[in-house]
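>>> okay, here's the prediction I keep looking at, along with the sequence it came from:
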Amino acid sequence: MDELISAAATIQGAQIQANYALWAAIVSGGALLFSIWLTARATLKAHKADKLAEARRDIYLELIRNWYSFILVYSSYIIIKNNEDIDSQKNEFKDRFVASYRQLTTSFHESSFISEPETKEKILDFTMQFSEDFFYLNDEIDRWYVNPEERMKIQFELMDFMNQYGLKAMDLQKDLRLEMGVNENEEINERILKKQKAFSERIKAKIKKRMGIE
């Protein structure tokens, strides 16, 4: 009888140990699955962050390219051929000018869509002001084409106007660089700003000298 009781106790103890082992396996397995889920979630977030950073980089760089492309197209209004009809040249320039403007504003809106809120506001402010001022540029260039005697005066006025936009673009570019994680140095930025202003004045002086204007 004692042997039966002892055997039953042994079996019961073994069952309890088995139950504990089973629950321990379930708990540890659940903990492992939860750990894997957390790791996968963190990896997915990091992947999404990397993809967002990559998308921002590509869109911001495209914006910079389109800005300088617009500047090059805009600056070409002064290139005219004396042996060709002036109206045809103006219309050809206007087609390229408007197309470049549309491409640039598209890039501005793409950049605002993918940027942080503060940067988004700055981009949209710049875009709205630029869109308003585009009408001024368009009208002044029309005036340049139809008033040969005033061309130099209009040209210098437009140079001064666009130089100010260049400074605004530099400020915006700085914000884009910071959002991309590129280091900025205000002391160097100030030096660059002074150099650009001096460069602009030298170019203006060279044009005046070439045209015989004091």
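Thanks, I have it. Residues are numbered from 1 along each chain as shown.
>>> I figured Ser100 hits Val73, correct?
Yes: Ser100 lies in contact with Val73 (C-beta atoms under 8 Å); the separation is 4.2 Å. Placement of C-beta: from N, CA and C, glycine included.
>>> and the helices in the chain?
Secondary structure of the chain by DSSP state H: the helices cover 2-75, 86-114, 117-146, 151-179, 186-210.
>>> pLDDT on the last one, on average?
Mean pLDDT, taken over the full extent of helix 186-210, equals 76.
>>> before we move on, what about the second one?
Averaging the model's pLDDT scores along helix 86-114 yields 92.
>>> and the first one, by the same measure?
Looking at helix 2-75 alone, the average pLDDT works out to 60.
>>> adjust the sequence numbering to begin at 31 for everything that follows.
OK, 31 is where the count begins now, so the last one is helix 32-105.
>>> for Ala228, see how far away Phe83 is.
Wrong residue type there; residue 83 is Ala, not Phe. Going from Ala83 to Ala228 by C-beta to C-beta, to the nearest Å gives 36 Å.
>>> these two: who's more crowded?
Ala83 (13 against 10; other C-beta atoms under 10 Å).
>>> the more buried one and Val212 touch, don't they?
No: Ala83 is not in contact with Val212 according to C-beta under 8 Å; the separation is 11.4 Å.
>>> and the residue nearest the centre of the protein?
Closest to where the C-alpha atoms of the chain average out (C-alpha atoms, centre = their mean) is Tyr90, at 2.5 Å.
>>> what is the burial count for the closest residue to Lys204 other than its chain neighbours?
Computed as C-beta to C-beta, 6 or more residues apart in numbering, the closest residue to Lys204 that is not its neighbour in sequence is Glu214, at 5.9 Å. Around Glu214 there are 10 other residues, counting by other C-beta under 10 Å.
>>> same deal with the one 10 residues further on?
Number of residues near Lys224 (other C-beta under 10 Å) recorded here: 10.
>>> quick one: it from Tyr98, how far?
Separation of Lys224 from Tyr98 (C-beta to C-beta): 21 Å.
>>> likewise Ser118?
Going from Ser118 to Tyr98 by C-beta to C-beta gives 27 Å.
>>> with Arg132 instead?
Arg132 sits 16 Å away from Tyr98, going by C-beta to C-beta.
>>> apart from its neighbours in sequence, what residue is nearest the residue nearest to the centre of the chain?
The shortest distance from Tyr90 to any non-neighbouring residue, by C-beta to C-beta, 6+ apart, is to Leu206 (4.7 Å).
>>> over to Ile108?
Take Ile108 and drop its neighbours on the chain: the residue closest to it by C-beta to C-beta, 6+ apart is Gln185, 6.3 Å away.
>>> and that neighbour, what does it touch?
Gln185 makes contact with 108, 174, 237 under the criterion C-beta atoms under 8 Å, 6 or more residues apart in numbering.
>>> which of those residues lies closest to Phe165?
Nearest to Phe165, judged by C-beta to C-beta, of the contacts of Gln185 is Trp174 at 15.0 Å.
>>> if I look at the nearest residue in space to the closest one that is not next to it in sequence, what pLDDT would I see?
Excluding the flanking residues, the one nearest Trp174 by C-beta to C-beta, 6+ apart is Ile184, at 4.6 Å. Looking at Ile184, its pLDDT reads 91.
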